[in-house]
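J.: Structure for the following, please:
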Amino acid sequence: MKRLLLSCLAGLFLASGANAAGFEARPAAPAPGLEAPDLAGTPRTLADYPGKVVLLNFWASWCPPCVREMPSLERLRVKMAGRPLAIVALDSAEQREDVDAFLERMKLGFPILLDPDGVNTRRWKVFALPTSFLLDAQGRVRYVLTGPTEWDEGEALAVIESLLAEQAASSK
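T.: Here you go, the predicted model:
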């Protein structure tokens, strides 16, 4: 937890503005396992989003860059309504009460998963928050971004659109 806090604070100082440049393209490889309960307590896995591009965002309510990018994730959700994109935010190593308090202040329409013991965070090798993974419709990690961004514009939107275009081409 302390290491994540320090990494989050370092990211806050290193990030210039709200946009973090530098999506890291990865060779298409199967995503690590993910199993975490949603806010209703229902266990969720990546298999719950078949045939969709998945934006998996690791975050925490105590992380200023994480909080700063949340509104853009919600705008992206609204902008992409009806398209095969799933936005999933996994809260890393926090207690449920802290997550609930945050969500009372910020209304979000995408799934929030809980990782209070940090098992998923470690499995995905997340060392700084926010960290986001973009998975193609076959469930393979294709891009990683460490740090915040504005998800509904610029490079982030272009990367998402490219994965959606691939998905559309492969389903024809």
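J.: The residue positioned nearest the centre of the chain: helix or strand, and which one exactly?
T.: The residue lying closest to the centre of the chain (C-alpha atoms, centre = their mean) is Asn57, at 1.3 Å. Counting by DSSP states H and E, the element that carries Asn57 is strand 53-59.
J.: what sits up against that strand?
T.: Here strand 53-59 makes contact (C-beta atoms under 8 Å, 6 or more residues apart in numbering) with 31, 34, 46, 66, 69-70, 73, 76, 84-92, 115, 121, 124, 126, 129-137, 139, 151, 160, 163-164, 167. The C-beta positions use only the backbone N, C-alpha and C, and glycine is treated the same way.
J.: who does that strand pair up with?
T.: Within its sheet, and counting by DSSP bridges, strand 53-59 is paired with strand 85-92 (parallel), strand 131-135 (antiparallel).
J.: how about Val99, what does it touch?
T.: Residues in contact with Val99 (C-beta under 8 Å, 6+ apart) are Leu39, Ser61, Asp91, Ile112, Leu114.
J.: Turn those into JSON lines, including secondary structure, distance to Ala156 and neighbour count.
T.: JSON lines is the format used below for the contacts of Val99 (DSSP: H, G, I helix; E, B strand; the rest coil; distance: C-beta to C-beta, whole Å; neighbours: other C-beta atoms under 10 Å):
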{"residue": "Leu39", "secondary structure": "coil", "distance to Ala156": "25", "neighbour count": "14"}
{"residue": "Ser61", "secondary structure": "coil", "distance to Ala156": "21", "neighbour count": "18"}
{"residue": "Asp91", "secondary structure": "strand", "distance to Ala156": "20", "neighbour count": "26"}
{"residue": "Ile112", "secondary structure": "strand", "distance to Ala156": "20", "neighbour count": "18"}
{"residue": "Leu114", "secondary structure": "strand", "distance to Ala156": "25", "neighbour count": "20"}
